[in-house]
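Peer 1: This is a predicted model, with the sequence first.
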Amino acid sequence: MHRLRPSFAVTFVVLAGLVGFCPAQKVAPARAPGNAVLWTEPSDIRSRNLFFGPGGEEGQPQEPVEFQQEDTGGTSPKFTVRDAADKKWTAKLGLEAQPETAATRLLWAIGYIANENYFFTQLHIKNMPATLLRGQYLAGRGGEVPSVRLQRHPHGYKRTGKWNWRHNPFYGTREFNGLRVVMGLIGNWDLKDDNNAVLDDENGGPARYEVSDVGTAFGTSGKSYSDKASKGNRHAYHHERLVSGKTKDHVDLNFPKIPIANVFEFKWIFVFHQLRIRWVGKHIPREDAKWVGSLLAQLSPGQIRDAFRAAGYSDQEVADYTQSVISRIQELNAL
């Protein structure tokens, strides 16, 4: 069986990225309907508590927490639990648990819809099974589970579907373009539609659109050879700038990068998907990028630190991530 040479593979990917993938700006902008919400204007950015996040201190899971069943969807080990207040949560283990906790708080802080989540460096889970189909080595022993994130949708909302990055009711709006910028700022490169949720209000209010899985944040700007570099790697995150180019009217982000490593591994389905989604970080209206930058600039260093403290990072990791986020916000405000 013949294998592609690396030089040919790289050429193929570059050509594929230039041919057959129409740029985002050729799609006619859509007006958001009155019965759906992507972003709500926050009047209290400077006072928002990023340590407890969207659920607040009062929304924390109430122990004891009991195992319900394993969830085999997605790539990270997950299972559902129920707490003492009879609330159902999804527990996530592995590399995505910490970055997702921090990323969710930054999204929520500036008005985007986000899940309630909390990170535990150690959590006792009743009736934890002796074995899991995935992630058994991460699950600890005797129900003492280390480094676990518990997450649930906003109170009163139920997931009823998913939304598409290109074809959605908010395409072309300032708020949608701002979301594109925030995805680049946190480096959340896994932009599958399955990671986008439509949440229906149980009381009949407007549906909410959210990016429900942001676990690939704060590492490289695209999938790397190692998951440990791609997700929650402060050194990789620090060494990448946010803005790759700009004109009078538009901005290009250094995101999401072409996953060259996957070309060599022949994971073509993922490669093609990432090529198709590259437009998310390209040709963003400059005024929209400046707008979301002005929202982020209202966050104090202390608030940003709290987002990473909530994710269980060490003092040095918190300091490094905070400085990197501030640096990217400054890039936006220098436009």
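Peer 2: Right, received. Where do you want to start?
Peer 1: Glu175 should be in a helix, yeah?
Peer 2: Yes: assessed by DSSP: H, G, I helix; E, B strand; the rest coil, Glu175 belongs to a helix.
Peer 1: That one: neighbour count?
Peer 2: Around Glu175 there are 19 other residues, counting by other Cβ atoms under 10 Å. No exception for glycine: its C-beta is placed from N, CA and C like everyone else's.
Peer 1: Same check on the one 5 residues further on?
Peer 2: Neighbourhood size, Arg180 [other Cβ under 10 Å]: 25.
Peer 1: Ok, Leu133 next?
Peer 2: By other Cβ under 10 Å, neighbour count at Leu133 equals 11.
Peer 1: swap in Arg174?
Peer 2: Arg174 has 15 neighbours, counted by other Cβ under 10 Å.
Peer 1: wait, what's in contact with Arg159?
Peer 2: Neighbouring residues of Arg159 by Cβ atoms under 8 Å, 6 or more residues apart in numbering: 153, 197-200, 212.
Peer 1: Could you give the separation of the helix or strand encompassing it from the chain centroid?
Peer 2: Per DSSP states H and E: Arg159 is located in strand 157-161. Offset of strand 157-161 from its chain centre (Cα atoms, centre = their mean, to the nearest Å): 18 Å.
Peer 1: Can you give me the buried ones in that strand?
Peer 2: Neighbour-count burial for strand 157-161, counted by 16 or more other Cβ atoms under 10 Å, picks out Tyr157.
Peer 1: repeat for stretch 281-298
Peer 2: The neighbour-count criterion (16+ other Cβ under 10 Å) identifies 281-285, 288-293, 295-296 as the buried residues of stretch 281-298.
Peer 1: Likewise for stretch 302-313?
Peer 2: For stretch 302-313, by 16+ other Cβ under 10 Å, it's 303-313.
Peer 1: Run through the helices of the stretch 151-300 of the chain in chain order.
Peer 2: 174-186, 227-230, 234-238, 260-264, 268-277, 286-296 (DSSP state H, counting those that start in this stretch).
Peer 1: Figure out which of the ones you listed is closest to Pro42.
Peer 2: Evaluated with Cβ to Cβ, those place helix 286-296 nearest to Pro42, the distance being 7.7 Å.
Peer 1: from the middle of its chain, how far away would the helix or strand just after the closest one be?
Peer 2: The C-terminal neighbour of helix 286-296 among helices and strands, as given by DSSP H and E, is helix 301-309. Distance of helix 301-309 from the chain centroid (Cα atoms, centre = their mean) equals 17 Å.
Peer 1: who does helix 301-309 touch, helix- and strand-wise?
Peer 2: Helices and strands touching helix 301-309, by 3 or more Cβ pairs under 8 Å, 6 or more residues apart in numbering; DSSP states H and E, are helix 97-109, helix 315-333.
Peer 1: ranking the ones you listed by burial, who's on top?
Peer 2: Ranked by mean neighbour count under mean count of other Cβ atoms under 10 Å, the helices and strands packed on helix 301-309 are led by helix 97-109, which reaches a mean of 27.
Peer 1: Who are the contact partners of Arg134?
Peer 2: 70, 72, 77.
Peer 1: nearest spatial neighbour of Thr247, skipping sequence neighbours?
Peer 2: Arg286 (7.6 Å; Cβ to Cβ, 6 or more residues apart in numbering).
Peer 1: residues touching that neighbour, list them.
Peer 2: With contact set as Cβ under 8 Å, 6+ apart, Arg286 has these partners: 246-251, 335.
Peer 1: For Ser300, the count of nearby residues, please.
Peer 2: Residues lying near Ser300 (other Cβ under 10 Å) number 13.
Peer 1: Let me know whether it touches Ile45 as I believe.
Peer 2: No: checked against Cβ atoms under 8 Å, the pair Ser300 and Ile45 is beyond contact range at 9.5 Å.
Peer 1: thinking again about what came up before, name the stretch among the helices of the stretch 151-300 of the chain that sits most buried.
Peer 2: helix 174-186 (a mean of 23).
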